[in-house]
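Asks: when you get a sec, could you give me coordinates for this:
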Amino acid sequence: MFKRMTASLAVLLGAALVAAACSQQSVPSGSNLPQESALAQESPAADQSPAASPVLQQEEPTASPLAEEATPSPSEAPTAKLYKMDSVYRFKPLDKGTTDKVVLLTFDDGPHNKEVLTSLLDTLGKHKAKAIFFVNGYRVKANPDLLTLIHERGQTIGNHSWDHINLKKESAAKVEQQVADVQDSVMKLTGEAPKFFRPPYGSGNDSVKEIVKNHGMLYMTWSNGSLDWEQKSPGDPDKVVASVLEQLHPGANILMHELAWTAEALDKLLTQLEDKGYGFIDPAAIDTDLTN
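Replies: Below you'll find the model as predicted:
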C-alpha cells in the first residue's frame with residue numbers, strides 16, 4: 001500500500017515539474033503572434049507592416065512603391081512653358097520675367113553620320129544646350145541606332161518628312177504619307193512622336209500646315225540660316241559661325257545641318273553666343289499651342 005502511494009506521489013511531482021517548465025517558455029499573456037503568423041502566410045506584404053520584426057524593418061526601410069509612383073522624380077517633372085513662336089518663326093517669352101536673349105538650335109537632314117552626330121551631341125552636352133534634330137524618314141530607316149542615340153542623349157527629334165521632297169508640289173495624300181510615316185517610325189523607336197515639323201526647303205502651304213497640325217505638331221521654318229548647306233566639303237567652320245552671328249537676333253530660330261564643318265564650328269559658335277549673353281531654348285519649353 002505504502003509503495004503504491006509513493007509511486008503516485010512521484011507521478012504527480014513529475015507532472016508538476018513539467019507544467020512549471022512549460023509555463024516559463026510560454027509567450028506573454030495577450031500575445032498576438034499566432035494571428036500575425038497566419039496573416040503573414042496569407043499576405044506577402046505583411047512582413048513590411050509596422051508589426052514586422054525590428055530587424056526586418058532595418059534591412060528594408062524603403063518607402064512604399066505606391067508613394068514612389070505618386071511622387072515623380074525631378075527629371076520626370078514637366079518642363080514649364082516659357083516661349084511661343086511668332087508668325088515669322090522667331091521665339092518670344094510668354095511673360096516679362098523671361099529673357100528674350102535666347103536662340104533655338106536646330107539641325108536638319110539626319111541622322112546619317114555617327115561621327116558627326118556624336119560630335120554635335122557632345123558639344124551640346126558641354127554647353128548644356130538643347131536642340132531639335134529634324135530627321136528624314138528614309139535616313140531613320142537606314143540608321144535607327146542614330147535616332148535612338150539622339151533620344152538617349154536628351155535631345156528633341158523633329159519631323160522633316162520621309163523623302164525630303166518639296167511638299168508644296170505634292171497632293172494632300174502624298175503629304176499625309178510623308179508626314180505620318182516619320183511620326184510612326186520615330187514613335188516605334190523612341191516611344192514619343194515628334195512635336196515639331198519643318199518642311200524641306202522651307203516650302204509649304206495651307207494644306208501642308210493643316211496636315212502637320214492634325215498630327216499635333218508645330219510647323220516652322222527658320223529665322224537665321226547658317227548657310228552651312230551652301231558649302232562643299234571640307235567646308236569652312238568659321239563661315240558657319242560668321243553667318244549665324246551676322247543674322248543674330250533675340251529669339252532666333254537657327255537652321256543648321258548634320259555636316260562635318262557645322263559640327264566643327266559648333267563649340268566656337270555656342271561659346272560666342274554665350275559671350276554675347278544668349279542662352280539656348282529647351283524645345284520642351286516651347287508652347288506648341290501658340291503660334292503668334
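
Asks: check the chain for its longest strand and report it.
Replies: The strand spanning the most residues in the chain, taking DSSP state E as the definition, is strand 102-110.

Asks: quick one: average pLDDT of that strand?
Replies: Summarised as a single mean, pLDDT over strand 102-110 is 98.

Asks: for stretch 273-284, same thing?
Replies: In the prediction, stretch 273-284 has an average pLDDT of 98.

Asks: so how far does it reach from one end to the other?
Replies: In terms of Cα to Cα, to the nearest Å, the two terminal residues of stretch 273-284 are separated by 21 Å.

Asks: can you give me the buried ones in that stretch?
Replies: 273, 278, 280, 281, 282, 283 (16 or more other Cβ atoms under 10 Å). Every C-beta, even on glycine, is put in place using the N, C-alpha and C of the backbone.

Asks: using a markdown table, lay out these together with secondary structure and distance to residue 143.
Replies: Converted to a markdown table, the buried residues of stretch 273-284 look like this (DSSP: H, G, I helix; E, B strand; the rest coil; distance: Cβ to Cβ, whole Å):
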| residue | secondary structure | distance to residue 143 |
| --- | --- | --- |
| 273 | helix | 29 |
| 278 | coil | 31 |
| 280 | strand | 25 |
| 281 | coil | 26 |
| 282 | coil | 25 |
| 283 | helix | 21 |
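
Asks: any idea which of those residues is the one closest to residue 179?
Replies: residue 283 (18.4 Å; Cβ to Cβ).

Asks: skip the chain neighbours and tell me the closest residue to residue 266.
Replies: Once flanking residues are discounted, residue 266 sits nearest to residue 123: 4.5 Å by Cβ to Cβ, 6 or more residues apart in numbering.

Asks: for the one you found, what are its contacts?
Replies: If you count contacts by Cβ atoms under 8 Å, 6 or more residues apart in numbering, residue 123 has them with 263, 266, 267, 270.

Asks: can you flag the buried ones in these?
Replies: Buried among the contacts of residue 123 (16+ other Cβ under 10 Å): 263, 266, 267, 270.

Asks: give the contact list for the residue most central in space within the chain.
Replies: When Cα atoms, centre = their mean is applied to the chain, the residue found nearest the centroid is residue 154 (6.1 Å). With contact taken as Cβ under 8 Å, 6+ apart, residue 154 is in contact with residue 130.

Asks: what about the strands in the stretch 51-200 of the chain?
Replies: If DSSP state E, counting those that start in this stretch is used as the criterion, the strands of the stretch 51-200 of the chain fall at 83-85, 91-93, 102-110, 131-135, 156-159, 196-197.

Asks: figure out which of these is closest to residue 167.
Replies: Using Cβ to Cβ, the nearest of the strands of the stretch 51-200 of the chain to residue 167 is strand 196-197, at 10.0 Å.

Asks: what does the closest one contact?
Replies: Contacts of strand 196-197 (Cβ under 8 Å, 6+ apart): 132, 134, 156, 158-160, 179, 212, 215, 217-220, 283, 286, 288.

Asks: let's go with 6 Å and repeat that
Replies: 132, 158, 159, 212, 217, 218, 219 (Cβ atoms under 6 Å, 6 or more residues apart in numbering).

Asks: show me where the stretch 101-250 of the chain has its helices.
Replies: In the stretch 101-250 of the chain, the segments counted as helices under DSSP state H, counting those that start in this stretch are 114-126, 137-142, 144-152, 172-190, 206-214, 237-246.

Asks: tabulate those helices (JSON lines), appending mean pLDDT.
Replies: Output for the helices of the stretch 101-250 of the chain, formatted as JSON lines (pLDDT from 0 to 100):
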{"stretch": "helix 114-126", "mean pLDDT": "98"}
{"stretch": "helix 137-142", "mean pLDDT": "98"}
{"stretch": "helix 144-152", "mean pLDDT": "98"}
{"stretch": "helix 172-190", "mean pLDDT": "98"}
{"stretch": "helix 206-214", "mean pLDDT": "98"}
{"stretch": "helix 237-246", "mean pLDDT": "98"}
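
Asks: can you redo those as a markdown table with distance to residue 88?
Replies: Putting the helices of the stretch 101-250 of the chain into a markdown table (distance: least, Cβ to Cβ, whole Å) gives the following:
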| stretch | distance to residue 88 |
| --- | --- |
| helix 114-126 | 25 |
| helix 137-142 | 28 |
| helix 144-152 | 27 |
| helix 172-190 | 23 |
| helix 206-214 | 15 |
| helix 237-246 | 17 |
